[in-house]
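Trainee: Here is the input, now give the coordinates:
(chains A, B, C, D, E and F)
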4 protein chains.
Amino acid sequence: MKKKFTEKQIHILNVAEKLIAKKGFEGTSVRDISTNANINVAMISYYFGSKEKMMSYLYRYRVQKTRESFAEFAEIIREGKPEMQMKELIKYVVNQLFKFNYFHGFVTQELRHTEHLKEDLLGFYTTFTSKIDDVIKKGVASGIFTNAPKPEDILTLIVGSSLFVIRNKNFYELYVSGPEENYFEEAEKKVMANVLVTVFSLLGYHAD
Amino acid sequence: MKKKFTEKQIHILNVAEKLIAKKGFEGTSVRDISTNANINVAMISYYFGSKEKMMSYLYRYRVQKTRESFAEFAEIIREGKPEMQMKELIKYVVNQLFKFNYFHGFVTQELRHTEHLKEDLLGFYTTFTSKIDDVIKKGVASGIFTNAPKPEDILTLIVGSSLFVIRNKNFYELYVSGPEENYFEEAEKKVMANVLVTVFSLLGYHAD
Amino acid sequence: MKKKFTEKQIHILNVAEKLIAKKGFEGTSVRDISTNANINVAMISYYFGSKEKMMSYLYRYRVQKTRESFAEFAEIIREGKPEMQMKELIKYVVNQLFKFNYFHGFVTQELRHTEHLKEDLLGFYTTFTSKIDDVIKKGVASGIFTNAPKPEDILTLIVGSSLFVIRNKNFYELYVSGPEENYFEEAEKKVMANVLVTVFSLLGYHAD
Amino acid sequence: MKKKFTEKQIHILNVAEKLIAKKGFEGTSVRDISTNANINVAMISYYFGSKEKMMSYLYRYRVQKTRESFAEFAEIIREGKPEMQMKELIKYVVNQLFKFNYFHGFVTQELRHTEHLKEDLLGFYTTFTSKIDDVIKKGVASGIFTNAPKPEDILTLIVGSSLFVIRNKNFYELYVSGPEENYFEEAEKKVMANVLVTVFSLLGYHAD
DNA sequence: AATGAATGAGCGTTCATTCAT
DNA sequence: CATGAATGAACGCTCATTCAT
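Mentor: Modelled structure (predicted):
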């Protein structure tokens, strides 16, 4: 977790991340990466020990960034009302998923022999779930929410919907307006709206 | 679609499907497949032209089966009430996703240079969405549903939640009771209940 | 031991043997071998599993041949007089060493991580030593030999001298007549004579 | 020969010598050496030009030491009787071989494209042979030796036997008493005795 | 004078595919 | 129709060496 990377290493990680998200871990060769990153093939082994280890570093690097970002964000919304907090939580996580969709794309698919790495993502998910739980409880206590759905199911709904839309562009774009190159932008808006409506419906929230 | 397979070919496809689901497309070698299927290594190229083409056939084969199965199913529920039809639709698709989760796992991730293949899955999704739309409209017309959410968002919610739960076992199992080996069974129940509640909440449905 | 090789495999082994004897195991690449043997690089792994395993096969193949040949030879001289037997034993082993000098060259040098393979050569050496012992005992019993040197020291002397001459051409050729290309032929004669004189001197043998 | 080494270079050579003796020239990487010698990996090329050249220097360094040592030794025994001189010569060379056995191990096997380096060893061998010749002639002249074997054959016998015993531990240890870790010590004694008996037998020497 | 970073070549091996029968 | 043998390309990695400082 404490590992610090040089700029060059981060550059390689960024290139690798995109390629792996697109073509999978096995489908991406170190030569692919080195060519795209304009470095020598030997550098991947030189910097990270091996392709597999690079993957670990990449993974931890990205999750770490995500968790740091979330911690900051959580601080900001600490004082708000439950309905506002919930809205911000949803907006935050949907936005993050669209921002790093390629990362989440390979995280759940490709990390086969390194199951333990998922622990980090798990940590993020549980932190997030716990935060949702707090907000629900607070809202129910204050009477603004009339139902108390399970927080893990709220997370499932938010993340599941977002990733589905990210990964099934050719389906969802049928229902999204605007030019194709704006798909992710527009899809984010649409799924965000959908998720917000859905969650607040489940919470039995009715604006005054 | 028109392609007919011999028994031997179907046998190979079945073996390949399981291996690919477990180890990914790139992670599965033709030698793996041929060894497990007790055939000669040259047979994959011989029968299907190439590994990639075999993949296409496999994909089409599975989607075709799914669509046939859905057509049958749709017929069965044709006469019911909207709330029953919606419930059955949800149960059907969630069940299918869990049944062929390994297949759906690689569909959206591993198929490269074969973008057109997604058309088949797209066909299934749109058919399904259209069916959902019919049911919503019918329910709204009869007054049993008070809201009319977008059908594509309903599908997104159902499929997204199911796939998330399938792919993030180590997160969702924290909230699922029973031994680990029953995870998929129990997770299916839990996510099914969640999805049902969510969709009917969105529909503004209230049982008498 | 029972492993049978195809002609092509034997061809590869022969090429590999010569190269390895000349440049060492690590110094000989599979591409070297494949080029010299006019085969594809992949064949070494294909036929033998790996370069290392090829080495094992090569070793066993050569030792096996040597032991078979010795068994035949031992049979032939079974009935002779001790002095004749000893002479033939020496001639036989010196001749074998010169014939397969490249093999013996790498056997004792390069087999680092496969120590157990030496067992086979050990078997040959002990068989040979035991045979020498028999002859010495018989000769001493009959009074034709007046001394009974240790058989392992006789073997050491014979094999050590031969290998030294083989491996130190640039020294020994100073004392060998004839053109350079006949070195091994002439050196064999010279070292053979030397070894015979030495051993019989040690045995205290005096021709009538 | 004229090359003078700094302390650091000598340190590297010593480390390299031991590693190469253990793992062979190709089996020893410059990283191995630099790690063991606590120097930067670039230093081998920096100091010696290349790994191969370092090898040459190492070789010359060792042979040079050996020749210097022999020159000293030769001086010491200059005045003795032939039988004593011969005995001391044998003891000296056998002892040297055991002392630097790892060095002699790779000399004849690993040095490629550097055939000229053998000249140095050749020089040592011829010097030694010439010395043996002197002693034989003197002994024959004085009547203490009744035969005059060829000096190169005497050298062959001494060096060949010693190296054989060094390189074929697993054979010779069957006939050597004491714990395995004392093998070289005990083997040296045994082969020394054998060589002495053999040479004096060939010389037709009989102690009064 | 010395070093850490970086390089290009080569390593043994495995891959999907094609060939010869 | 089917197969075992064989292929060339590509794989991840390590090598001795060179570069920039």
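Trainee: so A:Phe48 makes contact with A:Tyr57?
Mentor: Yes - using CB atoms under 8 Å, A:Phe48 is in contact with A:Tyr57, at 5.7 Å. C-beta coordinates here come from the backbone N, C-alpha and C atoms, glycine included.
Trainee: Quick check: neighbours shared by the two?
Mentor: A:Gln9 (CB atoms under 8 Å, 6 or more residues apart in numbering or on different chains).
Trainee: Any regions of chain A where pLDDT drops low?
Mentor: For chain A, applying pLDDT under 70 flags the ranges A:1-3, A:102-118, A:208.
Trainee: which residues in it form helices?
Mentor: Using DSSP state H, the helices of chain A run over residues A:7-23, A:30-36, A:42-48, A:51-76, A:82-99, A:101-110, A:118-142, A:151-167, A:169-172, A:183-203.
Trainee: Within range of DNA strand E, give me the residues from chain A.
Mentor: A:Lys8, A:Ile39, A:Asn40, A:Val41, A:Ala42, A:Met43, A:Tyr46, A:Tyr47 (CB under 7 Å from any atom of the strand).
Trainee: quick one: contacts for the closest residue to the third one other than its chain neighbours?
Mentor: In this case it means A:Asn40. Nearest non-adjacent residue to A:Asn40, counting by CB to CB, 6 or more residues apart in numbering or on different chains: A:Ser34, 6.2 Å away. A:Ser34 sits next to A:Asn40, A:Val41, A:Met43, A:Ile44 when contact means CB under 8 Å, 6+ apart.
Trainee: Nearest to chain D: which residue in chain A?
Mentor: A:Tyr46 (12.0 Å; CB to the nearest CB).
Trainee: quick revisit: go through the residues of chain A next to DNA strand E and say which is closest to D:Lys138.
Mentor: Distances from D:Lys138 to these, taken as CB to CB, are shortest for A:Ala42 (63.7 Å).
Trainee: Can you tell me how far that closest one is from A:Ala21?
Mentor: Distance of A:Ala42 to A:Ala21, given as CB to CB, to the nearest Å: 24 Å.
Trainee: residues touching the closest residue to A:Lys91 other than its chain neighbours, list them.
Mentor: Nearest-residue entry for A:Lys91: A:Met192, 6.6 Å, with adjacent residues in sequence omitted and distances by CB to CB, 6+ apart. Counting by CB under 8 Å, 6+ apart, A:Met192 makes contact with A:Ile90, A:Lys91, A:Val94.
Trainee: Distance check, A:His133 against A:Leu121.
Mentor: Heads up, residue A:133 is Asp, not His. Look at A:Asp133 and A:Leu121: by CB to CB, they are 19 Å apart.
Trainee: who's more crowded, the two?
Mentor: The residue with more neighbours, out of A:Asp133 and A:Leu121, is A:Leu121; 22 against 16, by other CB atoms under 10 Å in any protein chain shown.
Trainee: Roughly how far does A:Phe145 sit from A:Leu203?
Mentor: Distance from A:Phe145 to A:Leu203, by CB to CB: 4 Å.
Trainee: Repeat that for A:Leu196.
Mentor: For A:Leu196, the distance to A:Leu203 - CB to CB - is 11 Å.
Trainee: and for these two, which residues touch both?
Mentor: By CB under 8 Å, 6+ apart, no residue touches both A:Leu196 and A:Leu203.
Trainee: Once you drop chain neighbours, what's closest to the residue nearest the centre of chain A?
Mentor: Centroid-nearest residue in chain A: A:Leu97, 3.5 Å away (criterion: CA atoms, centre = their mean). Ranked by CB to CB, 6+ apart and with sequence neighbours excluded, the top spatial neighbour of A:Leu97 is A:Ser162, at 4.4 Å.
Trainee: same thing with A:Ser177?
Mentor: Nearest non-adjacent residue to A:Ser177, counting by CB to CB, 6+ apart: A:Glu186, 6.6 Å away.
Trainee: Report the contact partners of the one you found.
Mentor: Neighbouring residues of A:Glu186 by CB under 8 Å, 6+ apart: A:Val176, A:Ser177, A:Gly178.
Trainee: which among those end up buried?
Mentor: A:Val176 (16 or more other CB atoms under 10 Å in any protein chain shown).
Trainee: Among the contacts of A:Glu186, which one sits closest to B:Arg62?
Mentor: Closest to B:Arg62, out of all of these and judged by CB to CB, is A:Val176, at 27.2 Å.
Trainee: Hmm, A:Glu188 and the closest one touching each other?
Mentor: No - contact criterion CB under 8 Å: A:Val176 and A:Glu188 do not qualify, at 9.8 Å.
Trainee: returning to what we had before: for A:Ala42 and A:Ala21, indicate the residue with more neighbours.
Mentor: A:Ala21 (21 against 10).
Trainee: so how far is A:Val93 from the more buried one?
Mentor: Look at A:Ala21 and A:Val93: by CB to CB, they are 19 Å apart.
Trainee: swap in A:Ile10?
Mentor: Taken as CB to CB, the span from A:Ile10 to A:Val93 is 24 Å.
Trainee: Kindly report the same for A:Thr198.
Mentor: Using CB to CB, A:Thr198 is found at 14 Å from A:Val93.
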